[in-house]
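> Next come a sequence and a model predicted from it.
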Amino acid sequence: MSALEDKKKKGLVFNIQKYSVHDGPGIRTIVFLKGCPLSCNWCSNPESQKSEPELAFNAGRCLTFSKCTRCLQACLRGAIIREADDTLRIDRALCDGCPKNCAEACPSQGLIVYGQERSVDDVLKVVEQDAAFYTRSSGGLTLSGGEPLMQGEFALALLRDARRRRIKTAVETCGMVPWKTLEAASEYLNYVLYDIKHMDSGIHEAQTGCSNERILDNFRKLALLDPDKTILARTPVIPGFNDSEEAIIAIAKFLEPFPNVRYEMLPYHRLGTQKYHFLDRVPPMDEVTLDKSVMPRLIDAARSVLGDRVEVAK
Ligand SMILES: C[S@@+](CC[C@H](N)C(=O)[O-])C[C@H]1O[C@@H](n2cnc3c(N)ncnc32)[C@H](O)[C@@H]1O
Ligand code: SF4
């Protein structure tokens with residue numbers, strides 16, 4: 001693919017987050033791509049899951065009580081309904097997340113369209129603004145989501161063009177992608193963050209909607225593809241799913257044969273809860289909290305297999 005063709009390629013991006021220190025080495029810019037093959041019950045990015053643009057409504061910002069009707073007038077599909085008590089509701093059957101008529105009309109940013117079509121060049125111009133920070137901190141670009149490799153051609157074009165611009169690259173993946181895509185991406189990646197959520201396929205499927213065979217198979221192939229490339233395997237520690245020493249030791253034993261693999265556990269958090277409400281969805285794990293005192297035990301369990309290859313989340 002030529003540099004020009006790559007630059008023009010377009011994909012659906014729902015956020016660009018600067019100055020991150022959690023998703024790869026150094027200071028990074030995270031580009032979040034729409035779409036995910038999994039639907040994890042704990043997902044903190046519910047706005048990432050669908051492959052189409054989605055309208056979110058933050059009722060707390062809405063000015064309807066001061067008789068603002070701009071979004072109702074802007075919507076071409078009549079998908080915004082005014083109730084008898086003056087509150088607004090989105091008729092999800094009518095709304096197709098069209099490119100932002102209502103969101104642009106809203107004076108208080110109460111409506112957000114998650115998923116904007118953007119070109120590689122446009123995205124990387126934003127990423128390049130912080131090139132000086134990357135150089136000093138060994139940081140760079142991280143593709144996340146959703147599952148960033150689900151938009152395979154766009155993700156590959158982003159990674160290739162970032163490398164042409166001498167920006168270091170990383171990806172956060174759930175691994176549920178065609179091997180060919182992961183293999184092709186690997187050539188342009190300096191660092192991979194790869195989720196291993198559970199070793200039992202039935203339990204994995206019950207809480208993520210997908211079995212884990214392809215995820216584990218891809219992981220093995222990736223770890224062997226370039227033994228000099230570090231992979232950070234990560235497990236979100238989810239109450240009632242994998243917050244036991246047994247579950248973590250099973251994962252650690254799977255990782256143990258690959259010396260280029262490091263390991264980190266991410267304690268469950270509920271930072272995504274509000275976004276479910278903005279999308280008119282019920283958070284599947286609303287009432288659940290993690291007893292954080294379990295983390296040192298789980299870290300010890302992982303270290304009993306992987307030693308100092310276990311990292312403690314920042
Ligand atoms: C939003 S995901 C995007 C990348 C990819 N879809 C995945 O799951 O690996 C980024 C990281 O956040 C983690 N994560 C998602 N929801 C979480 C939650 N509620 N608590 C802790 N970690 C969470 C995922 O396990 C993953 O390691
Ligand atoms: S794989 Fe990642 S983005 Fe997809 S649903 Fe699970 S946590 Fe969310």
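Now that the structure is in, tell me what you want to look at. Owing to the predicted nature of the structure, the values given are computational and were not obtained by experimental measurement. Ligands and ions are numbered 1, 2, ... in the order given.

> and the closest residue to ligand 1 within the stretch 1-150 of the chain, how many neighbours does it have?
Closest to ligand 1 within the stretch 1-150 of the chain is S44: 3.6 Å, counting by Cβ to the nearest ligand atom. Yep, even glycine has a C-beta here, placed from its N, CA and C like the rest. Neighbours of S44 under the rule other Cβ atoms under 10 Å: 17.

> can you check the one 3 residues further on too?
Residues lying near E47 (other Cβ under 10 Å) number 24.

> and if you look at T181?
So T181, with other Cβ under 10 Å, has 18 neighbours.

> What is the burial count for the closest residue to it other than its chain neighbours?
Leaving aside its chain neighbours, T181 sits nearest to G152 (4.3 Å; criterion: Cβ to Cβ, 6 or more residues apart in numbering). G152 is flanked by 17 other residues according to other Cβ under 10 Å.

> again, but for A74
16.

> my read: it touches L111, true?
No: look at A74 against L111 with Cβ atoms under 8 Å: they stay out of range, at 9.4 Å.

> Now list whatever residues contact both of these two.
Taking Cβ atoms under 8 Å, 6 or more residues apart in numbering as the criterion, A74 and L111 both touch C102.

> picking up where we left off before, for the residue of the stretch 1-150 of the chain closest to ligand 1, what are its contacts?
Contacts were defined as Cβ under 8 Å, 6+ apart; by that measure S44 touches H269, R270, L271, G272.

> Nearest to E311 among those residues?
H269 (17.7 Å; Cβ to Cβ).

> Grab the nearest non-local neighbour of that closest one.
S44 (6.7 Å).

> any idea how far the one you found is from I90?
As for S44, its distance to I90 is 22 Å (criterion: Cβ to Cβ, to the nearest Å).

> the strands in the stretch 151-300 of the chain, which residues?
169-173, 191-195, 231-237, 261-267 (DSSP state E, counting those that start in this stretch).

> picking up where we left off before, ok, the residue nearest to T181 touching E183?
No: with contact defined as Cβ under 8 Å, G152 does not count as touching E183 (11.2 Å).

> List only buried entries from the contacts of S44.
R270, G272 (16 or more other Cβ atoms under 10 Å).

> Close to ligand 1 as well: tell me which of the contacts of S44 qualify.
H269 (Cβ under 6 Å from any ligand atom).

> Take the contacts of S44 and keep only those in helices.
Residues of the contacts of S44 located in helices (DSSP state H): none.

> ok, so of the contacts of S44, who is nearest ligand 2?
G272 (8.6 Å).

> Now render the contacts of S44 as CSV, adding pLDDT.
CSV is the format used below for those (pLDDT from 0 to 100):
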residue, pLDDT
H269, 95
R270, 94
L271, 93
G272, 94
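
> of the contacts of S44, closest to ligand 1?
For the contacts of S44, the nearest to ligand 1 is H269 (4.5 Å; Cβ to the nearest ligand atom).

> how close does that closest one sit to D308?
26 Å.

> again with E83
E83 is 58 Å from D308, by Cβ to Cβ.

> one step back: out of the strands of the stretch 151-300 of the chain, deepest packed?
Highest mean neighbour count among the strands of the stretch 151-300 of the chain (mean count of other Cβ atoms under 10 Å): strand 169-173, with a mean of 25.

> which residues are in contact with that one?
Against strand 169-173 from outside (Cβ under 8 Å, 6+ apart): 23-25, 28, 140-145, 147-149, 155, 159, 162-163, 182, 185, 188-195.

> Repeat that for stretch 178-185.
For stretch 178-185, using Cβ under 8 Å, 6+ apart, the contacting residues are 149, 152, 155-156, 159, 171, 173, 175, 217-218, 221-222, 225.

> Spit out the contact partners of the residue nearest the centre of the chain.
Centroid-nearest residue in the chain: G145, 2.6 Å away (criterion: Cα atoms, centre = their mean). Residues near G145 by Cβ under 8 Å, 6+ apart: F32, L33, K34, G35, C36, N45, S48, E172.

> Nothing else from me, thank you.
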